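Colleague: model the structure of this input:
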Amino acid sequence: MRLRTVHSQAELEDLIREVGFLPFFRNSIPGYSIEECTPRSLWFAPDADGPWEWKGPIAMGKTCAYGKFFQGKAGFISLEHFPAFLNYRRDGYDFDARYDDELASKKDKQIMDVFLERESGMTHELKKICGYGKQGQKGFETVITRLQMQTYLIVQNFEYRKDKNGKPYGWGVARYTMPEAQFGTEWVEKAYREEPEASAEKILRTLHGLLPDASETQIRKILG
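Modeller: Residues are numbered from 1 along each chain as shown. Got it, this is the predicted structure:
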């Protein structure tokens, strides 16, 4: 497939709403990514913002969810489609129920427990609270990616260091939150009103319509 080229944050937001599911990076379906539908000149340009700078404000705008949803890699899902996606990926479980049924690890719970006391947490904060580091626990990225793939956590924003002129620089640090905190508990609970299998079928129909040239295997690989 070939997505139209976008040149601004507003155009990217419109595209996300239009297609519903949009991976950030190249994947097994050619042309189906933000990386491929934005000019290379807008990536890490010294005098212009591009997709790398747009992703935080778009996530903060609450018109879509952002996180590592696609084969462990990042992307956006519009609010129209995120409830079905959440229900499918959670398989009808809230996190406590998943843990009680021994379907989540103690490391998963340790991180999720942090969000019982705060609405959001940055990467370095979570690592410190949960004891990750050179002399501590290992595997933080594996755990935080799994929790995003299961939609218990999403990325709320990216925060940057600033130079003496107040201009952000370097790699942004992710700030995580729960969809319940970002969009409201009632909004999330509505997702559980249908069977996860029905949500999966709904998503498959959407992706088949969006990606008519993609094979069933490619689409299911993206869906996870």
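Colleague: use CA for all of it now, contacts and neighbours both
Modeller: OK.
Colleague: centre-most residue in this protein?
Modeller: Gly67 (1.4 Å; Cα atoms, centre = their mean).
Colleague: quick one: that one from Met149, how far?
Modeller: If you measure Gly67 against Met149 using Cα to Cα, to the nearest Å, the figure is 8 Å.
Colleague: any common contacting residues for these two?
Modeller: In terms of Cα atoms under 8 Å, 6 or more residues apart in numbering, Gly67 and Met149 are not both contacted by any residue.
Colleague: so which helix or strand takes in the residue nearest to the centre of the chain?
Modeller: In this structure, Gly67 is located in strand 64-70 according to DSSP states H and E.
Colleague: so what secondary structure elements neighbour that strand?
Modeller: Here strand 64-70 is seen to pack against helix 51-60, strand 73-78, helix 140-149, strand 154-162 when contacts are counted using 3 or more Cα pairs under 8 Å, 6 or more residues apart in numbering; DSSP states H and E.
Colleague: tell me the mean pLDDT over the second one?
Modeller: Averaged across strand 73-78, pLDDT comes to 97.
Colleague: the inter-axis angle of that strand versus strand 154-162?
Modeller: The directions of strand 73-78 and strand 154-162 differ by 120 degrees, with axes from the mean of the first three to the mean of the last three Cα atoms, to 10 degrees as the criterion.
Colleague: tell me the strands beside strand 73-78, with direction?
Modeller: strand 21-23 (antiparallel), strand 64-70 (antiparallel) (DSSP bridges).
Colleague: then Gly172 would be within a strand, right?
Modeller: Yes. If the criterion is DSSP: H, G, I helix; E, B strand; the rest coil, then Gly172 is within a strand.
Colleague: so it touches His124, yeah?
Modeller: No. Under the contact definition of Cα atoms under 8 Å, Gly172 does not touch His124, with a separation of 11.8 Å.
Colleague: what sits against the closest residue to Asp49 other than its chain neighbours?
Modeller: Among residues not flanking Asp49 along the chain, Leu42 sits closest, at 6.4 Å (Cα to Cα, 6 or more residues apart in numbering). The neighbours of Leu42, taking Cα under 8 Å, 6+ apart as the test, are His7, Ala48, Asp49, Gly50, Pro51.
Colleague: pLDDT value on the fourth one, please?
Modeller: The predicted local confidence for Gly50 comes out at a pLDDT of 95.
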